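K.L.:
sequence first, then the predicted structure, then my questions.
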Amino acid sequence: MKNQMDFRPGDWLRAAVLIGLGLTAGCGGSSDSGAGGAGGNGGAGEKKIRVTATVGMVAYTAERVGGSHVEVSALMGPGVDPHLYKASEGDIRKLSDADIIFYSGLNLEGKMGEVLKKIGAAGKPVVAVSEQGVDPSLLRSPPEFQGHHDPHIWFDVSLWAKTILPAAEALAKLAPQWADEFRANAAAYEKELAALHEDCKTQLATIPKAQRVLITAHDAFGYFGRAYDVQVEGLQGVSTSSEYGLRDIQRLVELIVQRKVKAVFVESSVPRRSIEAVVEGCKARGHQVVIGGSLFSDAMGEPGTPDGTYPGMVRKNLQIIVGALK
Ligand SMILES: [Zn+2]
């Protein structure tokens, strides 16, 4: 990633204030529409609502719900880790230019979530779709998230579906003339996800229970395990090599050998090294386990491909997991 700037909290604060006031330099070309411009030109104009979203999954919701009335840009593309994300100059422009900003929330976006809250407080519509849509009683709070909720709710399709309505209502508030359309689009997308959720259940249930173990290097799949009755095991702290130890590896090797698990998985935004150590450990015990493929975790695939949509990303993971473990 070129052009990334390492923002300190102070820089962010300044940026947030500037954006809130609509004063940032470099937003030429869009100076014709100030704050609230999109809501005001529903009559003659077909001017689109400019949406800026953080992760692809949220951007996709905005596209589905907004349909032809929105122009969506996602800040975090394929392979990007939202937890560690640092904004670029281009991002500041996209946030500044946006009529409305969507993000997932629940600490997924790390420091950026705090900044987005401040931008919201300064007057621009900023919506954390997960925080708005999902009742806290449905959230996981495992110890590895250190007092925070697990933010990876898109791995339970039925939970992620709850983030659609907050997006639709926020767009409806901004552009009431299209409210019915946004709500109809939301209902259609919810229906599609309800069917996808059932599909996930049905397909995963075809893996024998003992072998229905998903071993990955990143703790993103907790909701997946809970929703679809899959035992999820991970190596802790994959972001730095010092945080996972030999003992974690041995524990996983033991589990894999005992249960005759066929495959372990890597992810698009996580290094393979730790998982490879597990594969080697099993080999030494005489059990062949393969790397079952690369799963999408916190980012979708390339835009313009099926993997670059939320349902497509879910289906690809499903296909890889069922194919390797069954
Ligand atoms: Zn994650």
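P.N.:
Sure, I can see it.

K.L.:
can we go C-alpha only for contacts and neighbour counts from here?
P.N.:
OK.

K.L.:
looking at the chain, which helix is longest?
P.N.:
Ranked by residue count, the top helix of the chain under DSSP state H comes out as helix 179-204.

K.L.:
and after that helix, which helix or strand comes next?
P.N.:
The helix or strand immediately downstream of helix 179-204 is strand 213-216, counting by DSSP states H and E.

K.L.:
mean confidence for that next one?
P.N.:
What strand 213-216 shows for mean pLDDT is 92.

K.L.:
mean confidence score for the following helix or strand past it?
P.N.:
Going down the chain from strand 213-216, the next helix or strand is helix 222-228, by DSSP H and E. Here helix 222-228 scores 97 as its mean pLDDT.

K.L.:
and for stretch 295-303?
P.N.:
Stretch 295-303 shows a mean pLDDT of 92.

K.L.:
give me the contacts around that stretch.
P.N.:
Applying Cα atoms under 8 Å, 6 or more residues apart in numbering, the contact partners of stretch 295-303 are 55-57, 76-82, 152, 220-221, 265-269, 307-310, 313, 316-317, 320.

K.L.:
same question for stretch 252-270.
P.N.:
So stretch 252-270 is contacted by 79-81, 210-218, 233, 238-239, 272, 275, 278-279, 281-282, 285, 287-299, 324-325 (Cα under 8 Å, 6+ apart).

K.L.:
which among the residues you listed end up buried?
P.N.:
Applying 16 or more other Cα atoms under 10 Å to the contacts of stretch 252-270, the neighbour count classes 79-81, 211-218, 233, 238, 272, 275, 278-279, 281-282, 287-299, 324-325 as buried.

K.L.:
related to what we said a few turns ago, now do the buried residues in the longest helix of the chain.
P.N.:
By neighbour count on 16+ other Cα under 10 Å, the buried set for helix 179-204 is 179, 181-183, 185-187, 189-190, 193, 196-197, 200, 204.

K.L.:
output those as JSON lines; include the columns pLDDT and distance to Glu114.
P.N.:
As requested, the buried residues of helix 179-204 are arranged in JSON lines below (pLDDT from 0 to 100; distance: Cα to Cα, whole Å):
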{"residue": "Ala179", "pLDDT": "98", "distance to Glu114": "29"}
{"residue": "Glu181", "pLDDT": "98", "distance to Glu114": "31"}
{"residue": "Phe182", "pLDDT": "98", "distance to Glu114": "28"}
{"residue": "Arg183", "pLDDT": "98", "distance to Glu114": "29"}
{"residue": "Asn185", "pLDDT": "98", "distance to Glu114": "30"}
{"residue": "Ala186", "pLDDT": "98", "distance to Glu114": "27"}
{"residue": "Ala187", "pLDDT": "98", "distance to Glu114": "30"}
{"residue": "Tyr189", "pLDDT": "98", "distance to Glu114": "29"}
{"residue": "Glu190", "pLDDT": "98", "distance to Glu114": "29"}
{"residue": "Leu193", "pLDDT": "98", "distance to Glu114": "29"}
{"residue": "Leu196", "pLDDT": "98", "distance to Glu114": "32"}
{"residue": "His197", "pLDDT": "98", "distance to Glu114": "31"}
{"residue": "Cys200", "pLDDT": "98", "distance to Glu114": "34"}
{"residue": "Leu204", "pLDDT": "98", "distance to Glu114": "37"}
